[in-house]
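**Q** please find the sequence and the predicted model below.
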Amino acid sequence: MNKLKPFNYESPEYEYSNQRKEEPEIAARILTALGSASTVLNVGAGAGSYEPADRHVVAVEPSSRMRAQRLARGLPPAVIAKADRLPFDDNSFSASMALLTVHHWPDLHAGLKEVLRVTKERFVIMTFDPEALDEFWNVHYFPELVDIERKRYPAIAELSALSGCIAKVEKVPVPLNCRDGFQEAFYGRPEEFLKKEVRESQSAWGYLAGGDEDRLVIRLASELESGRWDERFGHYRHQPHFTGALRLITLFKQ
């Protein structure tokens with residue numbers, strides 16, 4: 001479970017929605033995973049990416065800055081609540097979804113139990129498999145960052161065991177020009193990591209010790225300038241998809 005302090009999404013420089021936009025290929029997979037659900041709860045909704053337009057969606061988001069960003073995008077207001085305490089009756093929604101958010105939950109078990117309480121059929125989770133993080137080249141340049149991510153992301157088996165549900169786990173290929181700016185989105189565009197606004201939209205950077213971020217960025221910049229990165233990983237610049245640690249998990253209530 002996540003033993004790190006909660007990430008501060010209220011920081012004024014954190015403009016998540018500018019960098020973390022909906023990727024159509026991933027959105028299609030999420031829509032398929034939701035099945036025929038007509039009502040959907042989006043827990044930890046952030047700025048509202050991946051909310052299906054053809055369903056009745058209720059969003060839950062505790063951060064005021066994130067709620068403001070979804071309003072700026074013209075989306076309906078989000079309910080102010082957290083995953084482990086939801087203001088809804090049992091089985092209020094056909095399905096629920098939690099996309100790249102479970103690693104922020106202080107009590108994963110309580111959050112899963114509560115979301116499943118208000119969900120009638122299925123719960124769709126998008127997360128990263130901590131056991132597959134070494135498959136991305138950033139482990140060679142940002143090892144401290146990857147170590148932080150390993151501590152944050154729950155094991156896939158843990159999600160299934162804690163929920164008590166039947167779980168379907170899918171590996172999610174990331175397209176080369178992925179619009180959603182998580183780390184694997186830039187597998188073929190390493191120069192993006194040199195941009196502060198990109199790193200600010202990836203919460204793991206906020207956990208690094210003082211001075212570590214600059215040191216890691218300088219390391220990558222030096223390798224790019226010398227051509228060493230391209231010698232080792234340049235093939236990724238033309239690879240249509242990368243399948244790393246991104247997972248889509250569907251928990252089916254029994």
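**A** Structure's in. What do you need? Numbers count the residues shown, from 1 in each chain.
**Q** which residues in the stretch 151-254 of the chain form helices?
**A** 156-163, 196-199, 212-226, 228-233 (DSSP state H, counting those that start in this stretch).
**Q** who does the longest one touch, helix- and strand-wise?
**A** When you say that, I think you mean helix 212-226. If contacts are counted by 3 or more Cβ pairs under 8 Å, 6 or more residues apart in numbering; DSSP states H and E, helix 212-226 sits against helix 143-152, helix 228-233. Every residue, glycine included, has its C-beta placed from N, CA and C.
**Q** helix or strand right after the helix or strand that contains residue 113?
**A** If you go by DSSP states H and E, residue 113 is part of helix 108-117. The helix or strand immediately downstream of helix 108-117 is strand 119-128, counting by DSSP H and E.
**Q** who does that following strand touch, helix- and strand-wise?
**A** helix 24-34, strand 93-99, helix 108-117, helix 156-163, strand 246-252.
**Q** CA-only coordinates of the third one in PDB, if you can.
**A** What it means is helix 108-117. The C-alpha trace of helix 108-117 is given here as PDB (Å, rounded to 0.1, in the frame of the first residue of the first chain):
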ATOM      1  CA  LEU A 108      -6.400   1.200  -0.500                       C
ATOM      2  CA  HIS A 109      -8.500  -1.500   1.200                       C
ATOM      3  CA  ALA A 110     -11.000   1.000   2.500                       C
ATOM      4  CA  GLY A 111     -11.200   2.800  -0.800                       C
ATOM      5  CA  LEU A 112     -11.800  -0.400  -2.800                       C
ATOM      6  CA  LYS A 113     -14.400  -1.600  -0.300                       C
ATOM      7  CA  GLU A 114     -16.300   1.700  -0.500                       C
ATOM      8  CA  VAL A 115     -16.200   2.000  -4.300                       C
ATOM      9  CA  LEU A 116     -17.500  -1.500  -4.600                       C
ATOM     10  CA  ARG A 117     -20.200  -0.800  -2.100                       C
END
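**Q** list the buried ones in that helix?
**A** 108, 111, 112, 114, 115, 116 (16 or more other Cβ atoms under 10 Å).
**Q** got the angle for that helix vs strand 93-99?
**A** Relative orientation of helix 108-117 with respect to strand 93-99: 150 degrees, computed using axes from the mean of the first three to the mean of the last three Cα atoms, to 10 degrees.
**Q** for helix 108-117, packing partners?
**A** Helices and strands touching helix 108-117, by 3+ Cβ pairs under 8 Å, 6+ apart, are strand 39-43, strand 93-99, strand 119-128, helix 156-163.
**Q** tell me the mean pLDDT for it?
**A** Summarised as a single mean, pLDDT over helix 108-117 is 97.
**Q** ok, and what's touching it?
**A** 1-2, 41, 43, 82-86, 90, 96, 98, 102, 105, 123, 154, 158-159, 162-163, 165, 251, 253 (Cβ atoms under 8 Å, 6 or more residues apart in numbering).
**Q** neighbours of the residue nearest to residue 21 when sequence neighbours are not counted, how many?
**A** Leaving aside its chain neighbours, residue 21 sits nearest to residue 179 (4.3 Å; criterion: Cβ to Cβ, 6 or more residues apart in numbering). Neighbours of residue 179 under the rule other Cβ atoms under 10 Å: 16.
**Q** where's the nearest residue to residue 153 once chain neighbours are set aside relative to residue 19, distance?
**A** Of all residues not flanking residue 153 in the chain, residue 130 sits nearest, at 4.3 Å (Cβ to Cβ, 6+ apart). Distance, residue 130 to residue 19, using Cβ to Cβ, to the nearest Å: 23 Å.
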